[in-house]
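Novice: sequence-free structure coming up:
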Ligand SMILES: NC(=O)c1ccc[n+]([C@@H]2O[C@H](COP(=O)([O-])OP(=O)(O)OC[C@H]3O[C@@H](n4cnc5c(N)ncnc54)[C@H](O)[C@@H]3O)[C@@H](O)[C@H]2O)c1
């Protein structure tokens, strides 16, 4: 079965999604339509040329109201409001809402109520989705009967959650503190600005290349949504001036004293076993740019593991905030799309 996807917003995330699908035609998903306020020509250019990922490894052209990506046609719409996008015209099953403008479940829901899509995946820690589903932790709790608008939370939450899951399952984990250092985002400013970021904290309007900027993003709460067994949790979040490649760290107390070797072995085993493809493991000394194009939610770095004699632990993982997260968005779109109820018109009846 191939799931027909529509993407609202062909920015950093939307373009990553398009590149991933184009590189792997057997992913079980097909992008049939995109909506963006930019013209089709500009969208084609944005896919062809990318300052961080290089030129598109294939062909992209604009042909009328279609993008032609390696000979596959993708219909383009240009509506500013989600309720105006006629997804049903292109048979879209699942919309990935990736504008960053419609994080609230209500706005995203209009892709279904007005546009005719069947499910929505919001590409961010949405305000009120029907469920947060983090791969490797709680994605199996997806219930197609009651979950129409879902969110995989954020890239940082995914990186933290997979490491926390291994620690929790193998050693117990409590009194957790997390830190995320997130690469520069498109909504940040090149020079100091008082308006235009639509974020409350005035520091988020400061020039992105000049500072490490604290951000009060609620990662800890969302890790606990995916892993409710974790008790009290605190978190720090920083926007850092790297173009791509982000860092996640967790510290906390385990149920018994553990060694660095035990923790690293547990992570390596999880990466080769139940969390394959979601957690990666690499003992080679790593800096943030090395994680570029890694499809995992988290690249565990064993050189960052520290322990104390009374059960204190600290671990470190890297993540490509665009590429890894876009892979999880596609995983989620596929999961949701493959479990769509078959419309009654498609049910075939055999003679008794
Ligand atoms: N970039 C990352 O590292 C990252 C990682 C995880 C999650 N996210 C989340 O994904 C979302 C998108 O992030 P991004 O980095 O791709 O942003 P972006 O700014 O690069 O892309 C947004 C796109 O949406 C389009 N757009 C804006 N308003 C629109 C409207 N009203 N209708 C249709 N299109 C519109 C823009 O033209 C642009 O192409 C955000 O919520 C962000 O928090 C981003």
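Specialist: Received the coordinates, thanks. For clarity, every value in this text was computed on a predicted model and none was experimentally measured.

Novice: Student question: in this structure, what's the helix or strand with minimum average pLDDT?
Specialist: Least confident element among the helices and strands of the chain, by mean pLDDT, DSSP states H and E: helix 219-226 (a mean of 81).

Novice: following it, which helix or strand comes up?
Specialist: Remark: after helix 219-226, the chain's next helix or strand is strand 233-239, criterion DSSP states H and E.

Novice: List the contacts of that next one.
Specialist: The contact list for strand 233-239 (CB atoms under 8 Å, 6 or more residues apart in numbering) reads 156, 176-182, 184-185, 188, 204, 208, 212-221, 223-224. All C-beta spots, glycine's among them, are computed from the backbone N, C-alpha and C.

Novice: again, but for stretch 259-278
Specialist: Contacts of stretch 259-278 (CB under 8 Å, 6+ apart): 135-136, 162-163, 165-167, 170-171, 279-281, 295-298, 300, 302, 305-307, 313, 315, 328.

Novice: what does the stretch 151-300 of the chain have sitting close to the ligand?
Specialist: Within reach of the ligand by CB under 6 Å from any ligand atom, the stretch 151-300 of the chain has these residues: 154-155, 185-186.

Novice: Please identify which of those residues is nearest to residue 73.
Specialist: Of all these, residue 73 sits closest to residue 186, with 27.0 Å by CB to CB.

Novice: And the helices in the protein?
Specialist: 12-23, 40-48, 105-113, 155-171, 219-226, 260-272, 323-338 (DSSP state H).

Novice: which residues touch the closest residue to the ligand within the stretch 151-300 of the chain?
Specialist: Nearest residue of the stretch 151-300 of the chain to the ligand (CB to the nearest ligand atom) works out as residue 186 at 3.6 Å. Residues near residue 186 by CB under 8 Å, 6+ apart: 11-12, 100.

Novice: Out of those residues, which one has the weakest pLDDT?
Specialist: Least confident by pLDDT among the contacts of residue 186: that is residue 100, with 93.

Novice: ok, how many other residues are close to that residue?
Specialist: 17 (other CB atoms under 10 Å).

Novice: where's it relative to residue 254, distance?
Specialist: According to CB to CB, to the nearest Å, residue 100 and residue 254 sit 37 Å apart.

Novice: ok, back up a step: single out the most deeply packed of the helices of the chain.
Specialist: helix 155-171 (a mean of 26; mean count of other CB atoms under 10 Å).

Novice: Now do that helix: which elements does it pack against?
Specialist: strand 174-182, helix 219-226, strand 246-253, helix 260-272, strand 279-281, strand 298-300, strand 312-319, helix 323-338 (3 or more CB pairs under 8 Å, 6 or more residues apart in numbering; DSSP states H and E).

Novice: if you average pLDDT over that helix, what comes out?
Specialist: Mean pLDDT, helix 155-171: 97.

Novice: domain assignment for this structure?
Specialist: Split into domains by automatic domain parsing, the chain comes to 3-129+327-346, 155-321.

Novice: just so I know, which of those lies nearest residue 146?
Specialist: That would be domain 3-129+327-346 among the domains of the chain, by CB to CB, at 11.6 Å.

Novice: Just give the nearest non-adjacent residue to residue 156, would you?
Specialist: residue 180 (3.8 Å; CB to CB, 6 or more residues apart in numbering).

Novice: what sits against that neighbour?
Specialist: 156, 159-160, 217, 219, 235-238, 246-249.

Novice: Ok, residue 53 next?
Specialist: 16, 19, 292-293.

Novice: Generate a markdown table for those, with pLDDT as supplementary columns.
Specialist: Shown next, in a markdown table, are the contacts of residue 53 (pLDDT from 0 to 100):
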| residue | pLDDT |
| --- | --- |
| 16 | 98 |
| 19 | 97 |
| 292 | 98 |
| 293 | 97 |
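
Novice: farthest-separated two in these?
Specialist: Between any two of those (CB to CB), the greatest distance is 12.7 Å, for 19 and 292.

Novice: Please list the outside residues in contact with stretch 241-249.
Specialist: 51-52, 155-156, 159-160, 163, 178-184, 208-212, 240, 287-292, 298, 304, 314-322.

Novice: My guess is residue 85 contacts residue 111. True?
Specialist: Yes. In terms of CB atoms under 8 Å, residue 85 counts as a neighbour of residue 111; the distance is 6.9 Å.

Novice: okay, and the common contacts of those two?
Specialist: 6, 8.

Novice: mind listing what's buried in stretch 75-93?
Specialist: 75-77, 82, 85-87, 90, 92-93 (16 or more other CB atoms under 10 Å).

Novice: show me the contacts for the residue in the chain that the ligand sits nearest to.
Specialist: As assessed by CB to the nearest ligand atom, the ligand sits closest to residue 11 within the chain, at 1.7 Å. Contact analysis of residue 11 by CB under 8 Å, 6+ apart lists 36, 98-100, 186.

Novice: One more: residue 281?
Specialist: Neighbours of residue 281 in contact, by CB under 8 Å, 6+ apart: 267-268, 271-272, 299-300, 302.

Novice: wait, residue 250 sits on residue 176?
Specialist: Yes. Using CB under 8 Å, residue 250 makes contact with residue 176 at a distance of 6.3 Å.

Novice: residues shared between the contacts of the two?
Specialist: residue 164.

Novice: Show me the contacts of residue 11 that map onto strands.
Specialist: Using DSSP state E, the subset of those located in strands is empty.
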